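Visitor: Fold the following for me, if possible:
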Amino acid sequence: MAEGLGVPNKSIFSTFITQLDNDSLLRFNHYPPKDCNKDRDNSNSFNVGFGEHSDPQILTILRSNDVAGLQISLQHGVWNPVTPDPFAFCVNVGDLLEVMTNGRFMSVRHRAVTNSYKSRMSVAYFVAPPLDAYIVAPSVMVTPNRPSLLYKPFTWAEYKKVTYSLRLGDNRIDIFKNCTQVE
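Guide: The predicted structure is shown next:
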């Protein structure tokens with residue numbers, strides 16, 4: 001990734017996650033099928049299993065049991081289903097990677113929905129640095145197209161504290177926008 005972005009230090013991103021005290025975690029999710037009898041008057045074909053959000057970490061590596069349910073929003077309010085592939089992982093860019101790439105990679109807003117025919121199961125690996133890791137875009141990410149840092153530097157502990165103090169759907173990364181940036 002660093003090579004593709006033109007960052008001279010090829011280990012700039014991997015250094016965070018190879019440290020023993022990284023804050024990465026593995027989570028298993030189970031979304032039972034929607035109870036059709038309970039919602040007879042509801043015309044929606046799904047219920048929200050996990051609400052709209054972006055992941056605060058660097059990356060999320062996700063695998064499901066080949067049951068649809070993951071949706072992403074590339075435009076505010078427009079939800080696009082992600083077709084499950086039993087032979088692939090889904091990789092989501094997290095908020096920290098957006099900051100570390102100065103907005104070249106964008107954190108993806110997503111949600112999980114249930115259906116009326118089959119349980120959906122997934123496993124997610126949230127790739128996160130140590131709590132004291134200093135999060136800032138390398139200087140090479142400041143370009144003529146992005147003449148200043150889009151986000152103020154912070155530690156993962158600071159961002160994590162803010163993230164978990166707000167509602168799930170809040171756009172938490174905007175709190176760290178750099179007010180001095182040139183647009």
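
Visitor: what separates the lengthiest helix in the chain from the chain centre, distance-wise?
Guide: Secondary structure of the chain per DSSP state H: the longest helix is helix 156-165. Centroid displacement of helix 156-165 relative to its chain, using C-alpha atoms, centre = their mean, to the nearest Å, is 14 Å.

Visitor: what about the helices in the protein?
Guide: Counting by DSSP H, the helices of the chain are 2-5, 14-18, 95-100, 156-165.

Visitor: low pLDDT regions in this protein?
Guide: The chain contains residues with pLDDT under 70 at 35-46, 180-183.

Visitor: Go ahead and confirm residue 70 touches residue 81.
Guide: Yes. Residue 70 lies in contact with residue 81 (C-beta atoms under 8 Å); the separation is 7.4 Å. C-betas here are computed from N, CA, C, even on glycine.

Visitor: Comparing the two, which residue is more hemmed in?
Guide: More neighbours surround residue 70 than the other of residue 70 and residue 81, with 22 against 12 (other C-beta atoms under 10 Å).

Visitor: ok, residue 89 - contacts?
Guide: 61, 62, 63 (C-beta atoms under 8 Å, 6 or more residues apart in numbering).

Visitor: Check residue 82 too.
Guide: For residue 82, counting by C-beta under 8 Å, 6+ apart, the contacting residues are 68, 70, 71, 72, 90, 110.
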